[in-house]
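J.: give me coordinates for this.
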Amino acid sequence: MNEQEYRQFYDQVGAMNGWDFSRMKVVSEGIQWDLYQEVTGVCRKSDLLLDIGTGGGEALLAIADAVLLAIGIDCSSGMMKTAENNLRQAGKSNVRFHQMDAERLVFPDRLFNIVSCRHSEFHAQEVARVLADDGIFFTQQVSERDKWNLKQAFGRGQSWGISHGTLQRRYIQELRDAGLKNIQVYEYNATDYYKSVQDLLFLLKHTPIIPNFGQDETDYMLLYQFVEEHQCDRGIRTNSERFMIVAHK
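T.: This next block holds a predicted model:
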């Protein structure tokens, strides 16, 4: 996928689903943290929180009570429609959503005590600019070897052909260059068991793990071959590989 194709895909998913994958039946072993639990662990009731790439706002709405004001931004109009609908249903008075590019944050300098970003691009200079003195930045990102056996089965995939650790090294350097300090890095590689092929199909149709999945008829043949090879008593086995960076202003 090129950038334009990814944005179109992201818009379509946002309007249909946001980032709500709760309907999938999957069990994971080896997850070592929950990003938004880490965020709330340092929140004070007087804090202002910015969530970059908030998607449908599901995670931000779940932790909004921990801060004075929570703002979620996303570049996708489809995601923002879903986020606004989720906000109406949640009835949270201290949450705002805005369509905005992460590279051009329309906020004053040093406004936010905490900035979070999960599985989305961010721009370190902008993060550093809007963070208050002593503010904290949290990001969780998808590693290149995520869903590795799936990508091998299809011979393509998100970050296919990119050396392992490339994104992590890039973000660490960008954060250092932006003047953030006390940069801590955490990693895990969890094993996932999807209960059925329908659960795996939902994942593939709502994420860019296998770009343009389903546009070629051979994708379904490859999927069922993958299921046969990786089915076990616990489900269809693959992996979730993540890294988290915590940096201070």
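J.: quick check: which ranges of this structure have low pLDDT?
T.: 1-22 (pLDDT under 70).
J.: not counting sequence-adjacent ones, nearest residue to the residue nearest the centre of the chain?
T.: Centre of the chain computed as the mean C-alpha position; nearest residue by C-alpha atoms, centre = their mean is H119, 2.3 Å away. What sits nearest to H119 in space, not counting adjacent residues and going by C-beta to C-beta, 6 or more residues apart in numbering, is V142, at 5.7 Å. (Each C-beta comes from the backbone N, C-alpha and C, glycine too.)
J.: and that neighbour, bridged to which residues?
T.: R242 (DSSP bridges).
J.: hang on, isn't it packed against P208?
T.: No: the pair V142 and P208 does not pass the contact test of C-beta atoms under 8 Å, sitting 10.0 Å apart.
J.: so what's M80 closest to, chain neighbours aside?
T.: Take M80 and drop its neighbours on the chain: the residue closest to it by C-beta to C-beta, 6+ apart is Q99, 4.7 Å away.
J.: next one: phi and psi at the one you found?
T.: In this entry, Q99 is assigned phi and psi values of phi -80, psi 120 (degrees, to the nearest 10).
J.: do M24 as well
T.: When read as degrees, to the nearest 10, the backbone of M24 gives phi -70, psi 140.
J.: does it really touch F202, like I thought?
T.: Yes: contact criterion C-beta under 8 Å: M24 and F202 qualify, at 5.4 Å.
J.: re earlier: what do V142 and P208 both touch?
T.: Common neighbours of V142 and P208 (criterion: C-beta atoms under 8 Å, 6 or more residues apart in numbering): Q158.
J.: follow-up on the earlier one: burial of the residue nearest to M80, as a residue count?
T.: Burial of Q99 is recorded as 14 neighbouring residues (other C-beta atoms under 10 Å).
J.: if I look at it, how far off is S77?
T.: If you measure Q99 against S77 using C-beta to C-beta, to the nearest Å, the figure is 6 Å.
J.: V95 now?
T.: V95 sits 18 Å away from S77 when distances are taken as C-beta to C-beta.
J.: so these two - more neighbours on which side?
T.: Between V95 and S77, counted using other C-beta under 10 Å, the more crowded position is V95 (24 against 14).
J.: tally of neighbours for S76?
T.: For S76, the count of nearby residues is 24 (other C-beta under 10 Å).
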